[in-house]
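Participant: sequence unavailable; structure follows:
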Ligand SMILES: Nc1ncnc2c1ncn2[C@@H]1O[C@H](COP(=O)(O)OP(=O)(O)OP(=O)(O)O)[C@@H](O)[C@H]1O
């Protein structure tokens, strides 16, 4: 350290020790703007050694921007948060510079330099962590969906294909058959996987609240409305997916609003007049026979066609009894961990009983049955025996109970329409939504393609 600033060598040593110990890059110039001190953090950040800075003008280290040291020496006022580039590598930094005043006398100025490339890296890391957390909200992937039966494999294949598109998906199947699992997996296999997955159970939210929950509200929309208004779940899910579970429970008025969102790709907050554009993939699910609900006037037909772009039928457990062993073994492993048991197997007789049961509650019910058997098992039990399987009295043989409330095929007209819809979507997909190419693939004119897309209610499916 040189110059008038130094009073005694003891203070000099102390000062140097302090400045050298900090991780912040520091540079000091004297009252003439000549470099008198830097620390190792400064050299690490700028790449400049003492001999390149000490005794040189204050602007020697600047790659882009003006010397803040010189400004401070002129004004005698501290300057904060100035962005500039320093050193031969032009590192992005923010500097805070203060004058060194001894009494009234200006002795120089001191700069503390922060590397913002590091901050940028940290904030990118934070954003990545946030994305991972968001992803965890949709926790299941296709790997979690067990089953090798033809029915299950077909459903998984259809869902994987759907995941690659932007289209609305409708998951149909009885309660407890895995619709939520599929919704998670579709989101996680899509290019929206790093964005939000928002789940809404339409049956669990009171009708009066549902609209403002889904679409948000503006300030003053109703008494008790929050100041500044509130974002709805569609806005929360922007760039991600929204899973509308139990879709048939929506009132006719909310159905009309949802239809508008699907058609226009924009929402209107409750009490608001300005539409807000949203880019959300809708995954809807229901255990209700929607065609019947339409016939009964409970479900809008136009909404049905908008939702039914890619219907996926998830088979009930009694239609895929060959999947029972693999599901049972997965559950045994899980409950061993949860309940501290060490069960290794299940007896043939017990498995036969499970296979003959009709499973009105599907996989969720199987989970409950295995869970109960394992809770009752003794710590040393390694096999689940038939006697430990507690099935309700009214157990019906699976084979005699094979009627699903979702006839995949309703009429010949429906079969043709579904096949047509499928072919159009596939052609659009394979031609990346290029309608001319899609028409060519299908061997029809572009006019016919537009007509068919309109008739099947899929003209706008490419974004929702
Ligand atoms: N194929 C499968 N492989 C593994 N686990 C499954 C499978 N299907 C369902 N499950 C499990 O069964 C339970 C019920 O599944 P899920 O909640 O997805 O059903 P759901 O159809 O959405 O039911 P609900 O209509 O009652 O909401 C969950 O614990 C899920 O993990």
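Facilitator: Sure, I can see it. Values in this document were obtained by computation on a predicted structure and should not be read as measured data.

Participant: pretty sure residue 96 sits in a helix.
Facilitator: No - using DSSP: H, G, I helix; E, B strand; the rest coil, the assignment for residue 96 is strand, not a helix.

Participant: can you count the residues close to it?
Facilitator: By other Cβ atoms under 10 Å, 16 other residues sit near residue 96. (Glycine included, C-beta is placed from N, CA and C.)

Participant: what do you get for residue 185?
Facilitator: Number of residues near residue 185 (other Cβ under 10 Å) recorded here: 23.

Participant: list the buried residues for whichever strand or helix holds residue 85?
Facilitator: Per DSSP states H and E: residue 85 is located in strand 79-86. Judged by neighbour count using 16 or more other Cβ atoms under 10 Å, the buried positions of strand 79-86 are 79, 82, 84, 86.

Participant: strand partners of that strand, parallel vs antiparallel please.
Facilitator: Its sheet considered, strand 79-86 pairs with strand 62-64 (antiparallel), strand 91-102 (antiparallel) by DSSP bridges.

Participant: need the residues that contact it.
Facilitator: 45-46, 61-66, 68, 71-72, 91-97, 113, 116 (Cβ atoms under 8 Å, 6 or more residues apart in numbering).

Participant: which among those count as buried?
Facilitator: For the contacts of strand 79-86, buried by 16+ other Cβ under 10 Å: 45-46, 61-62, 68, 72, 91-93, 95-97, 113.

Participant: now do the contacts for the residue of the stretch 351-464 of the chain found nearest the ligand.
Facilitator: Closest to the ligand within the stretch 351-464 of the chain is residue 363: 3.5 Å, counting by Cβ to the nearest ligand atom. If a contact means Cβ under 8 Å, 6+ apart, then residue 363 has 176-178, 317, 327 as its contacts.

Participant: looking at those, which are in helices?
Facilitator: Among the contacts of residue 363, the members found in helices (DSSP state H) are residue 327.

Participant: of the contacts of residue 363, list those near the ligand.
Facilitator: Intersecting those with the contacts of the ligand gives 176-178, 327 (criterion: Cβ under 6 Å from any ligand atom).

Participant: what's the closest of those residues to residue 163?
Facilitator: Set against residue 163, the nearest of these by Cβ to Cβ is residue 178 (15.3 Å).

Participant: I figured residue 145 was touching residue 183, is that so?
Facilitator: No - using Cβ atoms under 8 Å, residue 145 is not in contact with residue 183, being 11.2 Å away.

Participant: neighbour count for the two, which is higher?
Facilitator: Using other Cβ under 10 Å, the more surrounded residue of residue 145 and residue 183 is residue 183, with 25 against 18.

Participant: check the secondary structure at the more buried one for me.
Facilitator: helix.

Participant: got the contact list for it?
Facilitator: With Cβ under 8 Å, 6+ apart, residue 183 has these contacts: 138, 169, 171, 197, 199, 241, 243, 245, 283, 285.

Participant: let's see 7 Å
Facilitator: 171, 243, 283, 285 (Cβ atoms under 7 Å, 6 or more residues apart in numbering).

Participant: residue 154 sits in which helix or strand?
Facilitator: Going by DSSP H and E, residue 154 is part of helix 150-164.

Participant: same for that helix, what does it pack against?
Facilitator: In terms of contacts (3 or more Cβ pairs under 7 Å, 6 or more residues apart in numbering; DSSP states H and E), helix 150-164 is packed against helix 179-188, strand 310-313.

Participant: now for these, which one comes closest to residue 388?
Facilitator: Comparing these under Cβ to Cβ, the one sitting nearest is helix 179-188, at 26.5 Å.
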